[in-house]
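J.: predicted model, plus sequence, below.
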Amino acid sequence: MMKARLSKKERCLLIQHLSNGYIAAGDFNKAKKVLMDYMPLAEMLGADKEFTSNIISAMIQNRETEQAGIAISDLKQAVSFEKDKGKKVRLQKTLAYQQACLETIKGSKKYCDVLENDFIRSKSILHKLNVSGCLLELYKADGYQEKQKKIKDYIKENGNQHYMVKKIT
């Protein structure tokens, strides 16, 4: 598939989707590798921040908290110089979500409302499944049995081959 005749922009988008698939499958290192392999192309097309954001997502899901924290700080600085306002706002929202997930897996409970709202508002099943992992940790820590059950039911219903299905069963 990577040998198909695609424009450089289409190839970048394909790599991002491919990395999301690896993350969903629980193959975090493969997700990071494919993104790093194509980072020069992403830089050339101005998609490097999006690639870095996907790498951060893989790090967070893989519990690489120290590296994810450093990458978030670096990306925040890079985003602060972004000239495209729409892109800047979108990346800032993504970074806020990633920071909430990172702090949650490190044991913080202060982002529960943020993650619940993110889960409710998201239209992406993949994103909801990723958020559900953090919510499940919060609900377990606080003993919210009913909320745990709802999240687990969502994962089972929508997860298909997502790594979270294996994790909760």
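T.: Perfect, thanks for sending it.
J.: every contact and neighbour count from this point should use C-alpha atoms.
T.: OK.
J.: got the contact list for stretch 49-61?
T.: Applying Cα atoms under 8 Å, 6 or more residues apart in numbering, the external contacts of stretch 49-61 come out as 16, 19-20, 23, 28-29, 31-32, 35, 39, 42, 65, 67-68, 71-72, 75, 78-79, 91, 94-95, 98, 101-102, 130.
J.: just the buried ones from those?
T.: Buried members of the contacts of stretch 49-61, counted by 16 or more other Cα atoms under 10 Å: 16, 19-20, 23, 28-29, 31-32, 35, 39, 42, 65, 68, 71-72, 75, 79, 91, 94-95, 98, 101-102, 130.
J.: in which helix or strand would I find the spatially most central residue of the chain?
T.: Note on the chain: the residue nearest the mean C-alpha position is Ser57, at 3.5 Å, using Cα atoms, centre = their mean. Element membership for Ser57, per DSSP states H and E: helix 48-61.
J.: gap between that helix and the chain center?
T.: In terms of Cα atoms, centre = their mean, to the nearest Å, the centre of helix 48-61 is found 7 Å from the chain centre.
J.: list the buried ones in it?
T.: Using 16+ other Cα under 10 Å as the test for burial, helix 48-61 gives 48-61.
J.: could you single out the nearest of those residues to Arg121?
T.: Distances from Arg121 to these, taken as Cα to Cα, are shortest for Ser57 (18.9 Å).
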